[in-house]
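**Q** here you go, sequence then predicted model.
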Amino acid sequence: MGKQRNGTMILYASQAEPVWQEIQREGAAFSKREYVRKKYGESAPVFLTAYNWFVQKLPKYVPKPEGAEYPYWAFADQYTLPGGSTTSRLLTLEVPVEEAVYFDMYDWNKVVQLKYMGRNAADERAFLDELAMRGITTRDVMLTDFYPDLKAQTFDSWKRLFRYHEDAKAGFPTQMGSLQAGLWCIRKEWVVDVR
């Protein structure tokens with residue numbers, strides 16, 4: 001669970017040097033779709049499917065500021081940060097609670113892997129059994145137009161990503177494995193430490 005104080009949440013983000021330079025120069029950094037495409041190369045269609053869905057849902061939780069396209073990721077525990085490059089900066093952020101959407105990192109991993117997010121393990125198993133019976137994979141479902149019913153079911157299941165958002169904002173313990181946050185931008189005034 002993230003540490004809260006005075007209506008803010010302490011979060012950690014690993015960002016490339018150009019992002020840090022933009023924060024210093026412009027007062028805020030905004031991620032772009034083209035950055036995601038460039039970063040993930042031939043895997044970009046998978047990430048863009050997940051990110052595009054997320055970007056459609058995020059305004060329900062956090063108003064989209066002008067200039068925002070794609071999210072930045074932050075974590076309540078710096079040890080759960082994905083590995084950065086040797087030129088990455090570790091930013092400690094004090095983010096207003098209302099400026100982020102909160103979810104379980106392991107749930108987000110399911111979305112990024114284009115997996116169905118079941119109500120429970122039995123629900124997920126039943127969906128996987130359905131795919132196996134048809135001889136298809138989650139990639140077949142999500143990256144083609146051949147299975148609109150299964151794709152719609154998968155997209156609908158992803159709404160469970162936000163099931164802990166309100167509890168996390170309120171600072172209540174949840175069933176989350178590890179708190180992750182989505183931010184429309186990173187603002188200079190949120191940065192309390194840089195390493």
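**A** Cool, got the structure.

**Q** which of the three states applies to residue 180?
**A** At residue 180, secondary structure determined by DSSP: H, G, I helix; E, B strand; the rest coil is strand.

**Q** cool, and residue 62?
**A** Taken by three-state DSSP, the conformation at residue 62 corresponds to coil.

**Q** surely it is in contact with residue 102?
**A** No: here residue 62 does not reach residue 102: they are 10.1 Å apart, not a contact under Cβ atoms under 8 Å. (Glycine included, C-beta is placed from N, CA and C.)

**Q** those two: which is more packed in?
**A** residue 102 (25 against 19; other Cβ atoms under 10 Å).

**Q** which strands or helices does the helix or strand where that one lies pack on?
**A** Under DSSP states H and E, the secondary-structure element containing residue 102 is strand 100-104. On a contact count with 3 or more Cβ pairs under 8 Å, 6 or more residues apart in numbering; DSSP states H and E, strand 100-104 meets strand 8-15, helix 165-170, strand 179-183.

**Q** what's the average pLDDT for the longest one?
**A** Put plainly, it is strand 8-15. Predicted confidence along strand 8-15 averages 95 (mean pLDDT).

**Q** what residue in this structure is the furthest from its centre?
**A** If you look at how far each residue of the chain sits from its centre, by Cα atoms, centre = their mean, the farthest one is residue 133, at 30.9 Å.

**Q** brilliant, that's me finished.
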